Every structure is written in C-alpha cells, then in structure tokens.
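Undergrad: build me a model:
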Amino acid sequence: MNILIIEDEARAASQLERMLKACNFDYELLGIIDTVEDAVLWFQKNTTPDLVFMDIQLADGLSFEVFQKTAVEAPIIFTTAFDQYAIQAFKVNSVD
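TA: Residues are numbered from 1 along each chain as shown. Below you'll find the predicted structure:
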C-alpha cells in the first residue's frame, strides 16, 4: 500500500509514522508534505497513492484548497482536531 502524509506539524507527522509502523502491514510511505502548494504539485506529478492522511490546516492554508487546484482520486483520512470541518471533509474523498 502506498501512503502519503500531508501534515505541517512534525510531531503529528512522526506520530502518524509510528502508528503506521505499529500496524505491521506492508506499506510504502511516499512522503510527508507540509503545504497546500507542495501537495498540489505532488498530485500533479505523481501517480495516485492508495491512501492519504491529511491535516486540515497546513502551513499555507486549508487542505481543501488542494482539491480546488488539482484532482485527488485517493481516499483521504483527515487527521485534525477541528470538528467544524467535518461536513466539508466528507464532500471530498474522505473516508474517515
């Protein structure tokens, strides 16, 4: 399984990596991206990952901007403490 993490807080990204390792399944971490701009470029230049873990608030804006600027076909698990974004999250490719 190919996984991409989009998270601007190093501590949160490290925690996600530790959780993935603890699951004991075969995966490849394709990268950790911390901005909307870099996420857009990544999706434009790479093949679709199997799963994306995505924070809502990134260093340069809200992750929803990624969906406005490029096609994202991968399922998304949003990793955020901000429940006010829940409805908007389910309007894009979110699965959790």
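Undergrad: give me the below-cutoff pLDDT ranges for the chain.
TA: Low-confidence segments of the chain, defined by pLDDT under 70: 81-96.
Undergrad: strands along that one, start to end?
TA: Counting by DSSP state E, the chain has strands at residues 2-6, 28-33, 51-54, 57-58, 61-62, 76-78.
Undergrad: kindly reformat those as JSON lines containing distance to residue 13 and mean neighbour count.
TA: C-betas here are computed from N, CA, C, even on glycine. Shown next, in JSON lines, are these (distance: least, Cβ to Cβ, whole Å; neighbours: other Cβ atoms under 10 Å):
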{"stretch": "strand 2-6", "distance to residue 13": "6", "mean neighbour count": "21"}
{"stretch": "strand 28-33", "distance to residue 13": "5", "mean neighbour count": "17"}
{"stretch": "strand 51-54", "distance to residue 13": "9", "mean neighbour count": "24"}
{"stretch": "strand 57-58", "distance to residue 13": "11", "mean neighbour count": "18"}
{"stretch": "strand 61-62", "distance to residue 13": "18", "mean neighbour count": "14"}
{"stretch": "strand 76-78", "distance to residue 13": "14", "mean neighbour count": "20"}
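Undergrad: next, format those strands as a markdown table and append distance to residue 39.
TA: Conversion of the strands of the chain to a markdown table gives the following (distance: least, Cβ to Cβ, whole Å):
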| stretch | distance to residue 39 |
| --- | --- |
| strand 2-6 | 5 |
| strand 28-33 | 5 |
| strand 51-54 | 8 |
| strand 57-58 | 7 |
| strand 61-62 | 10 |
| strand 76-78 | 11 |
